[in-house]
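Colleague: fold the following and give me the result.
(chains A and B)
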Amino acid sequence: EVQLVESGGGLVQPGGSLRLSCAASGFTFSSYEMNWVRQAPGKGLEWVSYISSSGSTIYYADSVKGRFTISRDNAKNSLYLQMNSLRAEDTAVYYCARVYYDSSGTGSFDPWGQGTLVTVSS
Amino acid sequence: QSVLTQPPSVSGAPGQRVTISCTGSSSNIGAGYDVHWYQQLPGTAPKLLIYGNSNRPSGVPDRFSGSKSGTSASLAITGLQAEDEADYYCQSYDSSLSGNAVFGGGTQLTVL
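Modeller: Numbers count the residues shown, from 1 in each chain, chains lettered A, B, ... in the order given. The predicted structure is shown next:
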């Protein structure tokens, strides 16, 4: 079964740091592009960051650029998100999601992990 | 303000048909990027519902269908059931944002 399991969320003070992890199983992790997507309480989905299968290509949303760092360890089947200089507005459930390409071209997100809650508050 | 615009809410009675629109622009849907739809049941993670504008993953009932035209896309749900009550999100990519993924603001479906 294809599965993604996030961990590492919690309560952190403004200006603090946190590292999220996403453990992948049931598929060849090193062959797939990955993303982080977040959802603030009661709000919609916001794309956060993308990493290619090799880790050589990385993108960030403007809202997190310069503060967050995405990385992966293909040997450990794991995806990471290092979050620094956290702000109250970063409070959200963070999901990791695999990119699925069908024959037509652009990628959808499938599957998603269950999410991990990050709360930034003093 | 989301790049893709969806109605905040829609509703329908059991058995009825509802549609959810997703309006973009010439830099995303109109640029030829595919639209994907996700269903998020209360308290759960999003789940892929429609990919590549109109394709259903295995296990998704054929009551769900998607279409795309110009700078917009639509999700249709026929034979509405109580279990369809959820939030629905469209997703595409945007060339003005370095080709990165963009989501609609989400639509809450209420089954009356």
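
Colleague: where does residue A:114 fall, phi/psi-wise?
Modeller: Here is the backbone geometry of residue A:114 (degrees, to the nearest 10): phi -80, psi -10.

Colleague: just the pLDDT for it.
Modeller: Confidence at residue A:114, expressed as pLDDT, is 98.

Colleague: what residues are up against it?
Modeller: Taking C-beta atoms under 8 Å, 6 or more residues apart in numbering or on different chains, we find residue A:114 in contact with A:4, A:5, A:6, A:95, B:44, B:45. Placement of C-beta: from N, CA and C, glycine included.

Colleague: can I have the buried ones of those as a ChimeraX selection?
Modeller: One line in ChimeraX is enough to select the buried ones among the contacts of residue A:114; burial here means 16 or more other C-beta atoms under 10 Å in any protein chain shown:
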select /A:4,6,95 /B:45
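
Colleague: name the nearest residue to the residue nearest the centre of chain A, ignoring sequence neighbours.
Modeller: Central residue of chain A (C-alpha atoms, centre = their mean): residue A:36, 2.5 Å from the mean position. Of all residues not flanking residue A:36 in the chain, residue A:48 sits nearest, at 4.2 Å (C-beta to C-beta, 6 or more residues apart in numbering or on different chains).

Colleague: my read is that neighbour is in a strand, agree?
Modeller: Yes. Assessed with DSSP: H, G, I helix; E, B strand; the rest coil, residue A:48 lies in a strand.

Colleague: kindly tell me how buried it is, as a neighbour count.
Modeller: Neighbourhood size, residue A:48 [other C-beta atoms under 10 Å in any protein chain shown]: 25.

Colleague: what residues does chain B put near chain A?
Modeller: Residues of chain B lying close to chain A by C-beta under 8 Å from any C-beta of the partner chain are B:2, B:33-34, B:36, B:38, B:44-48, B:51-53, B:55, B:57, B:87, B:89, B:91-93, B:98, B:100-106.

Colleague: ranges for the strands of chain A?
Modeller: Ranges of strands within chain A are A:3-7, A:10-12, A:18-25, A:34-39, A:45-51, A:58-60, A:68-73, A:78-83, A:92-101, A:107-112, A:116-120, based on DSSP state E.

Colleague: could you list the low-pLDDT ranges of chain B?
Modeller: Low-confidence segments of chain B, defined by pLDDT under 70, are absent.

Colleague: longest single strand anywhere in chain B?
Modeller: Ordering each strand of chain B by length in residues (DSSP E) puts strand B:86-94 first.
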